[in-house]
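A.B. asks: Show me the folded form of this:
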Amino acid sequence: MQKRKTGNKKKSQSNFSKLSIFQPNKYKFKKKCPLSIKGAPIVDYKNIRLLKKYVSENGKILPSRITNISQKKQRELSLSIKRARNLALI
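C.D. replies: Residues are numbered from 1 along each chain as shown. Below you'll find the model as predicted:
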């Protein structure tokens, strides 16, 4: 009987896996919250110009992952947008 050779050849890496653009990022840079930095505007239901930046065309509040706002400021922002809606300011 003859012994069969199994395919234990080492697979060579393709050129795509060697390129840096296909490797996962080692460093993730966090952007600062635009409402928490020094000199940032105060989040208030009367500040219509600020509130309109964080509302979509359809009138929905934009999520913090898109706007890079901290969780605390996002809660304040959503509350002030809802208040401005009730008073028909927006």
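A.B. asks: rest of the way, CA atoms for contacts and neighbours
C.D. replies: Fine.
A.B. asks: Sort out which residues of stretch 59-72 are buried, please.
C.D. replies: Ile61, Ile69 (16 or more other CA atoms under 10 Å).
A.B. asks: my guess is Pro34 contacts Ala40, does it?
C.D. replies: Yes - under the criterion of CA atoms under 8 Å, Pro34 makes contact with Ala40 at 6.8 Å.
A.B. asks: and those two? which has more neighbours close in?
C.D. replies: Neighbours were counted for Pro34 and for Ala40 using other CA atoms under 10 Å; Pro34 has more, 15 against 10.
A.B. asks: got a list of what that one touches?
C.D. replies: Ala40, Asn68, Ile69 (CA atoms under 8 Å, 6 or more residues apart in numbering).
A.B. asks: distance of the first one from Leu50?
C.D. replies: Distance from Ala40 to Leu50, counting by CA to CA, to the nearest Å: 11 Å.
A.B. asks: same question, the second one
C.D. replies: For Asn68, the distance to Leu50 under the criterion CA to CA works out to 15 Å.
A.B. asks: What of Gln71?
C.D. replies: Distance, Gln71 to Leu50, by CA to CA: 17 Å.
A.B. asks: Check Lys82 too.
C.D. replies: For Lys82, the distance to Leu50 - CA to CA - is 14 Å.
A.B. asks: Ok, Cys33 next?
C.D. replies: For Cys33, the distance to Leu50 - CA to CA - is 14 Å.
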